[in-house]
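Visitor: sharing a model prediction with you, sequence too.
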Amino acid sequence: MDFTKAVELVRRMGSEEEVERLECILEGRKPKTRFIEGLRRLQNTDGGFPLDMEKGKPSTLMDSAVVLLHLEDFNSLQIDIAEKIVDFFFARQNEDGSWNEDENILPYNPPPWMNPRDTRAKILSTAYTGFWLAKLGYPKDNRTKKACDFLINHRKENGAFEGFRHNTWIATSLFAMVYGKRCRVTREGLKFLAEIPDDQWIASQIAWLLWCLSSASFTKNNKFVKHFLNLLSKSQNPDGSFASEDGKELSVSATLEAIGVLKYLRAKLGWKRKRGDASPINPLHIEG
């Protein structure tokens with residue numbers, strides 16, 4: 001895997017915000033003030049962020065989660081914007097522990113994974129919102145556990161969760177944060193994912209899965225992390241990019257996601273620069 005080539009691609013082809021996120025990831029610094037202030041101006045009064053990040057539209061769980069991901073890249077998850085998103089998440093939770101998007105977004109023709117009337121989307125919204133709450137310090141909160149109670153009712157005998165494949169790796173990581181990495185739900189979910197044929201994965205999906213596992217404190221010694229790191233390595237394109245499941249136009253975004261998770265795992269897990277390599281960013285040479 002050529003880490004440096006991926007970095008160069010984002011620097012060359014990324015938007016101003018993507019390049020800033022990249023540099024914050026690589027340098028471990030905070031972003032320039034204008035990027036945070038731009039988010040602050042966009043945030044709705046309920047604490048959420050608007051559909052498609054367009055001012056005036058209703059707040060959504062998914063757009064708010066995207067902002068949290070960007071704040072993590074900016075090394076800024078501890079600021080007021082994130083705190084308000086947490087308040088928004090808790091305020092929007094249903095009585096049964098689930099979350100689904102506001103029906104006010106239906107006139108805007110949201111994608112299937114955000115349809116508030118689709119059970120698959122409800123499972124995804126619940127898993128991802130619960131995941132972020134656990135990641136932000138609420139893994140033992142009864143409201144987060146209530147989300148797990150809802151999700152367990154949508155789990156299949158083979159360890160997968162109903163609906164989109166994403167539901168399984170996100171929910172599996174959520175259970176790892178709430179109940180531990182060795183809990184049965186987590187172990188069986190990972191086993192199901194690892195048995196999916198390699199050619200049925202897209203690079204951006206693998207990067208998202210690895211990021212979820214790293215957020216749940218899985219290490220390079222875990223056999224599932226090794227498996228998916230190897231798979232991600234094989235998926236890099238000759239130009240350094242990684243494919244996005246949402247189309248070629250988002251390959252830069254997918255590449256940035258891959259860089260983020262690889263940089264995090266390298267720093268977190270102690271991957272070191274090879275002797276004689278004077279470059280500030282050492283390519284991650286993963287066998288396979």
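Guide: Yep, it's here. Not measured: the values here are computed from a predicted model.
Visitor: quick check: the nearest residue to L136 once chain neighbours are set aside vs G28, distance?
Guide: Sequence neighbours aside, V86 is the residue nearest to L136 in space, at 6.0 Å (criterion: CB to CB, 6 or more residues apart in numbering). All C-beta atoms are positioned from the backbone trio N, CA, C, and that covers glycine. Going from V86 to G28 by CB to CB, to the nearest Å gives 24 Å.
Visitor: when the two are compared, which one has more neighbours?
Guide: V86 (17 against 10; other CB atoms under 10 Å).
Visitor: which element is the more buried one on?
Guide: Per DSSP states H and E: V86 is located in helix 80-92.
Visitor: report the buried residues of the very next helix or strand once past that helix.
Guide: Using DSSP H and E, the helix or strand that follows helix 80-92 towards the C-terminus is helix 119-135. The neighbour-count check on helix 119-135 (16 or more other CB atoms under 10 Å) flags 120-135 as buried.
Visitor: helix 119-135: how far from the chain's middle?
Guide: 11 Å (CA atoms, centre = their mean, to the nearest Å).
Visitor: tell me the contacts of the residue most central in space within the chain?
Guide: Nearest residue to the geometric centre of the chain (CA atoms, centre = their mean): W208, 5.0 Å. By CB atoms under 8 Å, 6 or more residues apart in numbering, the contact set of W208 is 166, 169, 257.
Visitor: tell me which of the residues you listed fall in helices.
Guide: 166, 169, 257 (DSSP state H).
Visitor: quick one: which of these is most hemmed in?
Guide: Neighbour tally across the ones in helices among the contacts of W208 (other CB under 10 Å): the maximum, 28 neighbours, falls on W169.
Visitor: in terms of contact, does it touch I196 like I think?
Guide: No. Using CB atoms under 8 Å, W169 is not in contact with I196, being 10.3 Å away.
Visitor: sticking with I36, tell me its helix or strand.
Guide: Going by DSSP H and E, I36 is in helix 33-42.
Visitor: and that helix with helix 80-92, angle?
Guide: Calculated by axes from the mean of the first three to the mean of the last three CA atoms, to 10 degrees, helix 33-42 forms an angle of 30 degrees with helix 80-92.
Visitor: identify each buried residue in helix 33-42, please.
Guide: In helix 33-42, the ones that count as buried by 16+ other CB under 10 Å are 35-36, 39.
Visitor: can you redo these as JSON lines with distance to M53 and pLDDT?
Guide: Formatted as JSON lines, the buried residues of helix 33-42 follow (distance: CB to CB, whole Å; pLDDT from 0 to 100):
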{"residue": "F35", "distance to M53": "13", "pLDDT": "98"}
{"residue": "I36", "distance to M53": "15", "pLDDT": "98"}
{"residue": "L39", "distance to M53": "9", "pLDDT": "98"}
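Visitor: how about those in TSV, adding distance to L68?
Guide: Output for the buried residues of helix 33-42, formatted as TSV (distance: CB to CB, whole Å):
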residue	distance to L68
F35	14
I36	13
L39	10
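Visitor: between the residues you listed, which sits nearest A203?
Guide: F35 (25.9 Å; CB to CB).
Visitor: gap between the residue nearest to L136 and N222?
Guide: For V86, the distance to N222 equals 28 Å [CB to CB].
Visitor: same question, Y179
Guide: On the measure of CB to CB, Y179 and N222 end up 17 Å apart.
Visitor: try T119
Guide: 31 Å.
Visitor: count the residues that sit near the closest residue to S173 other than its chain neighbours.
Guide: Spatial nearest neighbour of S173, chain neighbours left out: C212 (3.8 Å); criterion: CB to CB, 6+ apart. By other CB under 10 Å, the residues close to C212 number 24.
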